[in-house]
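let's see this in three dimensions:
(one chain, ligands or ions: 3)
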Amino acid sequence: MSAKVTVIDHPLIQHKLTLMRQTQTSTAKFRQLLKEIGMLLAYEVTRDLPLKYELIETPIAKMNAPVLAAEKKIVIISIMRAGQGLLDSILELIPSARVGHIGLYRDPTTRMAIEYYFKVPQDIEQRDVLIVDPMLATGNSAVAAVDRLKEVNPKSIKFLCLLAAPEGLKHFHEQHPDVQIYTAAVDERLDEHGYIVPGLGDAGDRLYGTL
Ligand SMILES: O=P(O)(O)OC[C@H]1O[C@H](OP(=O)(O)OP(=O)(O)O)[C@H](O)[C@@H]1O
Ligand SMILES: O=c1cc[nH]c(=O)[nH]1
Ligand SMILES: [Mg+2]
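Numbering: from 1, shown residues only. Ligands and ions are numbered 1, 2, ... in the order given. Model prediction:
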């Protein structure tokens with residue numbers, strides 16, 4: 001596997017991911033689990049955020065205490081629809097982060113990503129971007145999202161997903177070797193329809209009950 005992929009294999013994440021994969025898991029439960037896993041993944045992805053020190057007073061004493069140096073400089077970019085599930089959980093942890101949206105859907109025949117929406121903060125050149133989407137299958141959506149974001153030149157880009165296929169990771173890193181990917185698991189392969197095997201099915205449909 002490429003050195004540019006970090007697999008976050010914490011036992012809590014793996015347990016919750018197994019529940020998400022199961023066909024009998026309801027829409028409500030699936031949404032709840034994605035939110036919980038999103039928080040756990042965000043914990044790892046934000047590990048290197050810079051800190052600064054501010055003088056505060058506890059009930060006992062004054063101290064120089066660490067706070068995030070640039071909370072408002074982070075932009076979470078959701079690839080709609082399914083990215084919304086991860087976005088919501090990360091915003092609970094970093095409430096001052098800015099938010100962008102890229103609307104993409106996979107053409108069922110060509111499997112190419114078709115863009116239908118793009119809105120990001122205007123001053124993105126001064127900001128660090130975390131793109132979120134639970135699924136990286138062929139990698140076409142992830143590549144299209146990063147292609148588009150590089151046009152507006154953010155300071156840095158990371159990509160966070162829940163499940164990835166080896167074929168998609170290879171494609172992504174051929175196109176964007178500079179972008180680190182974080183994922184909870186790398187599955188076996190893609191099927192003939194471009195779905196991840198064993199995967200969890202269509203993330204957007206399971207999240208919103210549009211099966
Ligand atoms: O790596 P790829 O082969 O491009 O597949 C991954 C994409 O497929 C899903 O979106 P989908 O097109 O189903 O849209 P949706 O979120 O609106 O359901 C998923 O959320 C990714 O964006
Ligand atoms: O397995 C897959 C592949 C693409 N998109 C999904 O939601 N699931
Ligand atoms: Mg879908």
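
residues touching whatever residue of the chain ends up closest to ligand 1, list them.
Here the residue of the chain nearest ligand 1 is residue 204; by Cβ to the nearest ligand atom that distance is 2.4 Å. In this view, the C-beta of every residue, glycine as well, is placed from N, C-alpha and C. Residues near residue 204 by Cβ atoms under 8 Å, 6 or more residues apart in numbering: 81, 82, 210.

hang on, the first one packs against residue 209?
Spelled out, that is residue 81. No - judged on Cβ atoms under 8 Å, residue 81 makes no contact with residue 209 at a distance of 11.8 Å.

which one of these two is surrounded by more residues?
residue 81 (17 against 11; other Cβ atoms under 10 Å).

distance of the nearest residue to that one once chain neighbours are set aside from residue 68?
Spatial nearest neighbour of residue 81, chain neighbours left out: residue 204 (4.3 Å); criterion: Cβ to Cβ, 6 or more residues apart in numbering. Distance, residue 204 to residue 68, using Cβ to Cβ, to the nearest Å: 31 Å.

again, but for residue 192
Distance of residue 192 to residue 68, computed by Cβ to Cβ: 45 Å.

could you do residue 165 as well?
Distance from residue 165 to residue 68, by Cβ to Cβ: 34 Å.

the two - which one has more neighbours?
Taking neighbours as other Cβ under 10 Å, residue 165 and residue 68 compare with residue 165 leading, 24 against 16.

quick one: residues contacting the more buried one.
Contacts of residue 165 by Cβ under 8 Å, 6+ apart are 136, 137, 138, 139, 186, 187, 188, 189, 190, 196, 197.

what pairs with the nearest residue to the first one once chain neighbours are set aside across the strands?
Distances taken as Cβ to Cβ, 6+ apart place residue 164 nearest to residue 136, at 4.2 Å, with adjacent residues excluded. Going by DSSP bridges, residue 164 is paired in beta bridges with residue 136, residue 186.

for this protein, what lies in contact range of ligand 1?
The chain comes close to ligand 1 at residues 79, 81-82, 104-106, 111, 113, 133-142, 168, 194, 202-204, as judged by Cβ under 6 Å from any ligand atom.

right, I'll call it a day here.
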